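Colleague: Dropping a prediction and its sequence here:
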Amino acid sequence: MTESLPRCLLIARQGPEDREDRIEDHLLELAELARSCGFEVWARRRLKRPQIASRTFYGSGQLEALADEAARQGVRHLICDDELSGSQVNAIEKLTNLICLDRTGLILSIFEQRAQTREAKAQVELARCEYELPRLKGAWTHLERQGGGVGLRGGPGETQIEVDRRMIRTRISQLKRELTHLEQVRKTQREGRPKGMPRVALVGYTNAGKTSLLKALTGEGEPRDLLFATLDTTTRKAWLGQDFDPETGEGDAEPKHCLVADTVGFIRKLPHQLVAAFRSTLGEVRTADALLVVADAAHPDLEDHLKVVGATLREIGCEPEDIGAQPRLLVLNQVDRLHRPQKLELKKRHPGAVQTCALQGAGIGEIRGWLRELIPGPPKPRTLEAWELPEPVPAP
Ligand SMILES: Nc1nc2c(ncn2[C@@H]2O[C@H](COP(=O)(O)OP(=O)(O)OP(=O)(O)O)[C@@H](O)[C@H]2O)c(=O)[nH]1
Ligand SMILES: [Mg+2]
């Protein structure tokens, strides 16, 4: 007998400046995250609030009404798209009698479920510790209230917080030491890889089809329709064919290869604790000779996704404007889900991109051709596209 999945209710705040459709999109993405974490989504709600309520973020009136509705439907979890403080989570849980998770907490839970290798596990635990540390106060307020009478400083609660904080800080130091060691191991492995064979990293928004492209290029990889299916970097050898014209006899008959690394996906508001903790895994991206930036071309938020990818790449130290910056190829994947006019429109918007369908192998030959060019030397300079550049600062 299959156990039924825990049901959850998703909410997001809509401020006066927020467009309704954008908040809906964010809720749809949150629903995908919840599904990837093992929840069944019962409902999504936009809560219109001109101002943030400091204690409960969303305001007690709306939350109480939702809690009644959720209780009648057997919903136990409330997942919020907004980043909440520990004391806000506590106040919401008390008011609604639901288990409350914010977006960062949800993403961390997915990463915890997926982490397989020692390195991924250590990275995720580090991110979890960094996330919990500032939240401890909220979690322990019930003890603080029990603590010390008149004239006493602190009390049992406060002491407990201090003990907890110290334990977490000690664990953070241990994990950082372990990760520095693992980063060194990774660096040595990289240096030991065959010379003269370019290393290419697949990067992009989660669920865009990076692992599917790894499979199309190298024959290996397990694509899954889940957000953050891939956490660990996998590197495989890809056959790139040969630059040889049998009719004229021109070119190089020697077959060419490169190494392709699949990496963890990016997402809007990727918790900064995770970006920091995944520095060593993402080192594969920083040190790659070239990047294949993969996007789901059929996603309605394609352009936003590209901006998130551009910004996250900058955050991990890949600046497209730098001298000697890695060449990048934009791979617009899943074009089998688009009609011809949409593909033409996309071609106009991103003329330098390759349009692919990783599942059927369309466009893979073009990627191979681009990768072959990397071998004799760096490809020609290219004009940067708008999504790679920082957002312009609005005029005062
Ligand atoms: N229709 C269609 N589906 C695709 C294509 N490429 C990938 N998919 C599907 O998209 C889903 C995600 O594919 P993955 O390759 O796992 O995506 P990913 O970017 O590695 O995702 P994460 O590792 O979770 O970040 C899977 O269900 C794939 O079958 C494509 O070209 N066309
Ligand atoms: Mg993947």
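Modeller: Thanks, I have the structure now. Residues are numbered from 1 along each chain as shown. Ligands and ions are numbered 1, 2, ... in the order given.
Colleague: Quick one: the strands in the protein, in order.
Modeller: Applying DSSP state E to the chain gives strands spanning 7-14, 40-48, 77-80, 99-102, 199-204, 234-245, 250-262, 290-296, 328-333, 354-355.
Colleague: And the residue of the stretch 1-150 of the chain that's closest to ligand 1?
Modeller: Nearest to ligand 1 in the stretch 1-150 of the chain, going by Cβ to the nearest ligand atom, is residue 36, at a distance of 7.9 Å. To be clear about C-beta, it is placed using only N, CA and C from the backbone, and glycine gets the same treatment.
Colleague: hang on, that residue packs against residue 224?
Modeller: No - taking contacts as Cβ atoms under 8 Å, residue 36 lies outside contact range of residue 224: 9.3 Å.
Colleague: higher neighbour count, the two?
Modeller: Taking neighbours as other Cβ atoms under 10 Å, residue 36 and residue 224 compare with residue 36 leading, 22 against 12.
Colleague: Could I get the contacting residues of the more buried one?
Modeller: Shown in contact with residue 36 (Cβ atoms under 8 Å, 6 or more residues apart in numbering): 110, 226, 227, 228.
Colleague: Show me which residues of this structure are close to ligand 1?
Modeller: Selection of the chain residues close to ligand 1 by Cβ under 6 Å from any ligand atom yields 206-212, 223-230, 265, 333-334, 336-337, 357-359.
Colleague: Show me how to select, in PyMOL, the buried members of the residues you listed.
Modeller: Buried residues within the residues of the chain next to ligand 1, by 16 or more other Cβ atoms under 10 Å, are selected in PyMOL with:
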select buried, resi 206+207+208+209+210+211+212+223+226+227+228+229+230+265+333+334+357+358
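Colleague: Of the residues of the chain next to ligand 1, which fall within the contact range of ligand 2?
Modeller: Among these, the residues that sit close to ligand 2 (Cβ under 5 Å from the ion) are 210, 211, 229, 230.
Colleague: Just give the nearest non-adjacent residue to residue 308, would you?
Modeller: Spatially, and ignoring its direct neighbours in sequence, residue 308 is nearest to residue 268 (5.2 Å; Cβ to Cβ, 6 or more residues apart in numbering).
Colleague: Correction: the previous question concerned residue 35.
Modeller: residue 41 (6.6 Å).
Colleague: Between all of the ones next to ligand 2 among the residues of the chain next to ligand 1, which two are separated the most?
Modeller: 210 and 229 (9.4 Å; Cβ to Cβ).
Colleague: about what we covered before: hang on, the residue nearest to residue 308 packs against residue 29?
Modeller: Yes - shown here, residue 268 and residue 29 form a contact pair, counting by Cβ under 8 Å, at 7.0 Å.
Colleague: helices and strands of the protein: which one bottoms out on pLDDT?
Modeller: The helix or strand of the chain with the poorest confidence is helix 141-146; it has a mean of 45 (mean pLDDT, DSSP states H and E).
Colleague: Can you give me the separation between the residue nearest the centre of the chain and ligand 2?
Modeller: Centroid check for the chain by Cα atoms, centre = their mean gives residue 266 as the closest residue, at 2.8 Å. In this view, residue 266 and ligand 2 are 12 Å apart by Cβ to the ion, to the nearest Å.
Colleague: So residue 43 sits against residue 7, correct?
Modeller: No - contact between residue 43 and residue 7 fails when scored by Cβ under 8 Å: they sit 9.2 Å apart.
Colleague: Could you check the pLDDT of residue 208?
Modeller: At residue 208, the model reports a pLDDT of 98.
Colleague: these two touch, right, it and residue 296?
Modeller: Yes - proximity of residue 208 to residue 296 meets the contact threshold set by Cβ under 8 Å, at 4.5 Å.
Colleague: hey, what's in contact with both of those two?
Modeller: With Cβ under 8 Å, 6+ apart as the test, residue 208 and residue 296 both reach 305, 333, 334.
Colleague: Tell me the one among these nearest to ligand 1.
Modeller: Distance to ligand 1, by Cβ to the nearest ligand atom, is smallest for residue 334 among those, at 3.9 Å.
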